[in-house]
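Chemist: Have a look; sequence and predicted model below, questions after that.
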Amino acid sequence: MNQVSTYAQQLQALAILYLPRVLMAGVALVVGWWLIGWASRIIATAATRLDVSLASFLTSLVNIVLKVLLLISVAGMVGFETTSFVAILGAAGLAVGLALQGTLANFAGGVLILIFKPYVVGDTIESQGKSGEVKEIQIFNTILVTPQGDTIILPNGATSNNVIINKTAQNKALVEIVADLDNATDLAALRGWAIPLLQADEDVLQVPAPQVAVTALKPGGMTVAFRAYTPAGRSGPAQGRLIEQLQRALAQQGVGSPVPVQHSYVRTLPD
């Protein structure tokens, strides 16, 4: 009987000692969780106004970090030794880091892309042999969509460490149409009608001005490039129209293809 009374007294003492702490920790957990949700919504709204590429990435990162800190703080209020929690989290983080090196590299690459902005959502880029419009920059991957409707997923780590060609950073795109023409073609006359034809297209910019340039010489012919700039995102439709117009104009002007050159060889045999 005395032993039961002793246990009851010990339980009463523990309740008096820990009940206020548990109640305070519960209140802190509820209030803190609500504050983190409120802060996450504010950060998401602010990040969206600054950069749509940054919004989801920053919101999820801040939300997770704040919740982990809140749980550690609540555990300390109850009376748990938080040093042990920090040590466990550190060991777990090291183990996960070693197991997921590639994933962490993609995470770091995403951070670098969002900070230095080699491209943003809406740009057309080429990287790792793939090209398309950037639809989303996620924590680990960049999502591209091609004109054919394909979705390309590029890992951020490899993308941030490779060559990136941003085709719309200057708000203009080059359309270049290459044709092999006869060596006898009058270049002055060719430029006289080809440049106005390029300038007349609705998507072609007047500055920089369209150009017609010889890019290579071949036996019996030469390679000519017809070049014009369009606003970003309008190069595809403009290129299709200009190819058709140039093909008809070359036929009407009588500009021919390279003339095949036949080579004859004479071999002298010894007597």
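Modeler: Looks like it came in fine. Numbers count the residues shown, from 1 in each chain.
Chemist: Low-confidence regions, the protein specifically.
Modeler: Scanning the chain for pLDDT under 70 picks out 1-18, 47-57, 79-102, 258-271.
Chemist: Show me the residue sitting in the middle of this protein in space.
Modeler: T142 (4.5 Å; Cα atoms, centre = their mean).
Chemist: wouldn't that residue be in contact with I113 here?
Modeler: Yes. Counting by Cβ atoms under 8 Å, a contact exists between T142 and I113, whose distance comes to 7.2 Å. Where C-beta positions appear, they are placed from N, C-alpha and C, glycine not excepted.
Chemist: Mind listing the shared neighbours of the two?
Modeler: Residues touching both T142 and I113 comprise N156, T159, with contact defined as Cβ atoms under 8 Å, 6 or more residues apart in numbering.
Chemist: ok so, going back, ok, the closest residue to the residue nearest to the centre of the chain other than its chain neighbours - contacts?
Modeler: Nearest non-adjacent residue to T142, counting by Cβ to Cβ, 6 or more residues apart in numbering: L154, 4.6 Å away. The contact partners of L154, taken as Cβ under 8 Å, 6+ apart, are S127, Q128, K130, N141, T142, I143, L144.
Chemist: How is L154 assigned, secondary-structure-wise?
Modeler: Reduced to three states with DSSP: H, G, I helix; E, B strand; the rest coil, the structure at L154 is strand.
Chemist: Would you mind measuring from it to L190?
Modeler: Relative to L190, L154 is positioned 41 Å away (Cβ to Cβ, to the nearest Å).
Chemist: mind checking how far G110 is from I125?
Modeler: 15 Å.
Chemist: Also E244?
Modeler: 28 Å.
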